[in-house]
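**Student:** let's see this in three dimensions:
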Amino acid sequence: QVQLVQSGGGLVQAGGSLRLSCAASGRTFGSYRMGWFRQAPGKERVFVAAISWNGGSTYYADSVKGRFTISRDNAKNTVYLQMNSLKPEDTAVYYCALDFRTWTIGKTKSEYDYWGQGTQVTVSS
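**Tutor:** Below is the predicted model:
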């Protein structure tokens with residue numbers, strides 16, 4: 001089994017920055033892809049960003065491209081989401097996700113088997 005523990009998040013004014021972290025533990029040997037998703041109130045959970053097992057490839061939703069950066073530190077089994085130029089529409093609960101299928105970058109919920117507990121990000125206008 002894999003456990004994902006998220007940290008970071010909180011309340012920030014529009015234009016500000018936040019960094020989310022997601023630390024994996026348990027069965028973390030081998031390679032795995034990771035991603036970030038978010039869920040706004042009353043809406044479905046949607047893709048935000050993903051990174052390949054070695055960090056060599058990244059992919060972003062159009063809504064966050066150029067503002068958010070996903071990265072990972074495999075020595076620490078941790079993935080990060082740096083969020084800059086935040087907008088009120090970025091307000092949501094953010095979830096990290098992990099999967100051991102490494103041949104593609106996962107861009108949909110169904111491509112991930114393990115999920116973090118979620119962390120609230122609120123951007124005030």
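
**Student:** so where's the chain uncertain?
**Tutor:** Within the chain, the segments meeting pLDDT under 70 span 29.

**Student:** center of the protein - which residue?
**Tutor:** Nearest residue to the geometric centre of the chain (Cα atoms, centre = their mean): residue 36, 2.3 Å.

**Student:** host element of it?
**Tutor:** Using DSSP states H and E, residue 36 sits in strand 33-39.

**Student:** ok, residue 72 - how many residues close by?
**Tutor:** Counted with other Cβ atoms under 10 Å, residues neighbouring residue 72 total 21. Just so you know, the C-beta spots here come from the backbone N, C-alpha and C atoms, and that holds for glycine as well.

**Student:** touching, it and residue 80? I think so.
**Tutor:** Yes: with contacts defined as Cβ atoms under 8 Å, residue 72 counts as touching residue 80 at a distance of 7.0 Å.

**Student:** and stretch 14-34, what's buried?
**Tutor:** Neighbour-count burial for stretch 14-34 flags 18, 20-24, 32-34 (criterion: 16 or more other Cβ atoms under 10 Å).

**Student:** span of it from start to end?
**Tutor:** Distance between the two ends of stretch 14-34: 27 Å, counting by Cα to Cα, to the nearest Å.

**Student:** from the chain's centroid, how far away is it?
**Tutor:** With Cα atoms, centre = their mean, to the nearest Å as the basis, stretch 14-34 stands 6 Å off its chain's centre.

**Student:** now do the buried residues in stretch 65-76.
**Tutor:** Under 16+ other Cβ under 10 Å, the buried positions of stretch 65-76 are 68-70, 72.
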